[in-house]
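Trainee: Sequence plus the predicted model coming up.
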Amino acid sequence: MQSKFSPETYENLLNSKIQQFNTTLIINKKNLIYNAKYISEICNNTIIAPVIKSDAYGLGVIAITKIYTKLGFKNFFVGNLNEAIKVRKSFKNINIFILNCGMPFNLNTLKKHKLIPVINNMSQLINFTNLVSNRFPCIIHIDTGMNRLGINFSEILSSETNIKFKNLNIKYLMSHLACAEDKNNILNKTQLIKLEKIKNFFISRTGTRIKTSIANSSGIFLGKKFFLDLVRPGAAFLGINPSSSEPNHFKNVLYLYSHVLQSHLAQKSTTVGYGASYKLKKKSRLATISVGYSNGLSRLLSNIGSVFINDKEAKIVGRISMDLSVVDITDFEETAVKIGDPVEIFGNNRSLEEFAKLNKTIPYEIICQVSKNANKKIIF
């Protein structure tokens, strides 16, 4: 679901000093809030814990978490201990779960900052139960079929005598779906059944009710039976379609812009860029723009990709450089393109997902790549 910028937005871009940066990543707060409320409506009886790992997908974890907390979210997943401490310093009254806590566990740090580790393997589980007492809170990650992180049920059974269950305060048993974007994949149901079986085992050993979580953004759209007690959306907040077979019900949140550095006339039969890979077939007007492969514009798009200037498509000619590219603006009116004009890489005219496909990758990688060097600006 696209949400077009108004003409005033271009004025805002020009006034936001985008020329001080190669690229500016616009974060549409209004659309982010819309997506969050849409998820809340779907999961209205389930705890929603936004995933804010990798600096909230590179968007700025403090700024993004501030938006989420104002919407009432109180539970969050981060990638590591360092991220958790950073978030805790700004947010005192939320639950922070650490997906990859490392070993050995730094209990003093966990206690000091009130952080909850996710235990991903048997070594961690045995180490943790030997270190803690008084039912220290944790999440136990169960591998139900992804073979990435998590404890296999057979490992638990074989090491059961070494696990001090009485020392655990298991907030959740969690697992991760391998094929959630494909609602017809049988592995989804298989993983759900496995998690239920393991939950019953832990109930029998701890004597307490055990809550569970398996759904990421895509898992939410497999149906209510996958909601369990807690869901962990991340990319859906940003407007990325969680389903490979359904239309996207979310609004676009991210818009990447560069700007025009110069324009000039180039003669017929001359070449453009490194390696002289593109030869002009006629006298052409070219514009050099402030974006390259260091900003997330892949060299795969050399001579075949395009950008948008004032909502009109301009073809990339020549090889994409580290922080520069050249586009053909011959078909534009002579005065239509000026130095400093915003250049859309993705946003109104091309979604992030469409741009990712052109780059032969996924939106997650694009976000993490472009956010490294981009000026980030939250609007609306």
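Mentor: Done, it's in.

Trainee: what comes up buried for the longest strand belonging to the chain?
Mentor: Of all the elements of type strand in the chain, the one with the most residues (DSSP state E) is strand 254-266. Neighbour-count burial for strand 254-266, with 16 or more other Cβ atoms under 10 Å as criterion, is recorded at L254, Y255, L256, Y257, S258, H259, V260, L261, S263, A266. Where C-beta positions appear, they are placed from N, C-alpha and C, glycine not excepted.

Trainee: Domain ranges for this protein, per the record?
Mentor: With automatic domain parsing as the criterion, the domains of the chain are listed as 29-238, 254-379.

Trainee: Can you lay out those as CSV showing mean pLDDT and distance to S244?
Mentor: Listed next are the domains of the chain as CSV, based on pLDDT from 0 to 100; distance: least, Cβ to Cβ, whole Å:
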stretch, mean pLDDT, distance to S244
domain 29-238, 94, 5
domain 254-379, 94, 11
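
Trainee: I18 is nearest to which of those domains?
Mentor: When the domains of the chain are ranked by distance to I18, counting by Cβ to Cβ, first place goes to domain 254-379 at 5.6 Å.

Trainee: now stretch 257-269: how far from the chain's centre is it?
Mentor: Relative to the mean C-alpha coordinate of its chain, stretch 257-269 is positioned 33 Å out (Cα atoms, centre = their mean, to the nearest Å).

Trainee: same check, this time on stretch 169-181
Mentor: Using Cα atoms, centre = their mean, the mean C-alpha position of stretch 169-181 is found 18 Å from that of the whole chain.

Trainee: Spit out the contact partners of R319.
Mentor: Contacts for R319 were tallied using Cβ atoms under 8 Å, 6 or more residues apart in numbering; they are G273, Y274, G275, S277, Y278, R299, S302, N303.

Trainee: part of a helix, is it?
Mentor: No. With DSSP: H, G, I helix; E, B strand; the rest coil as the criterion, R319 is assigned coil and is not in a helix.

Trainee: Relative to K199, how far out is it?
Mentor: Separation of R319 from K199 (Cβ to Cβ, to the nearest Å) stands at 54 Å.

Trainee: Then N185?
Mentor: Relative to K199, N185 is positioned 22 Å away (Cβ to Cβ).

Trainee: between the two, who's got more neighbours?
Mentor: The residue with more neighbours, out of N185 and K199, is K199; 19 against 16, by other Cβ atoms under 10 Å.

Trainee: In this structure that one contacts I210, no?
Mentor: Yes. With contact defined as Cβ atoms under 8 Å, K199 counts as touching I210 (5.1 Å).

Trainee: any residues in contact with both of the two?
Mentor: Counting by Cβ under 8 Å, 6+ apart, the residues touching both K199 and I210 are L173.

Trainee: Rebuild the domains of the chain as TSV, extending it with distance to S245.
Mentor: Compiled in TSV, the domains of the chain are given as follows (distance: least, Cβ to Cβ, whole Å):
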stretch	distance to S245
domain 29-238	7
domain 254-379	14
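
Trainee: what's the angle from the helix or strand where I33 lies to strand 254-266?
Mentor: Mapping I33 onto the secondary structure by DSSP states H and E places it in helix 29-42. Between the axis of helix 29-42 and that of strand 254-266 there is an angle of 140 degrees, by axes from the mean of the first three to the mean of the last three Cα atoms, to 10 degrees.

Trainee: residues of helix 29-42 that come out buried?
Mentor: By 16+ other Cβ under 10 Å, the buried positions in helix 29-42 come out as N31, L32, I33, Y34, N35, A36, Y38, I39, I42.

Trainee: Can you give the distance from that helix to the centre of its chain?
Mentor: On Cα atoms, centre = their mean, the centre of helix 29-42 falls 15 Å from the chain's centre.

Trainee: I203 and R209 touch, don't they?
Mentor: Yes. I203 lies in contact with R209 (Cβ under 8 Å); the separation is 6.9 Å.

Trainee: Looking at these two, which is more packed in?
Mentor: Per other Cβ under 10 Å, whichever of I203 and R209 has more neighbours is I203, with 14 against 10.

Trainee: Pop out the phi and psi values for that one.
Mentor: As for I203, its main-chain torsions (degrees, to the nearest 10) stand at phi -60, psi -40.

Trainee: Done for today, thanks.
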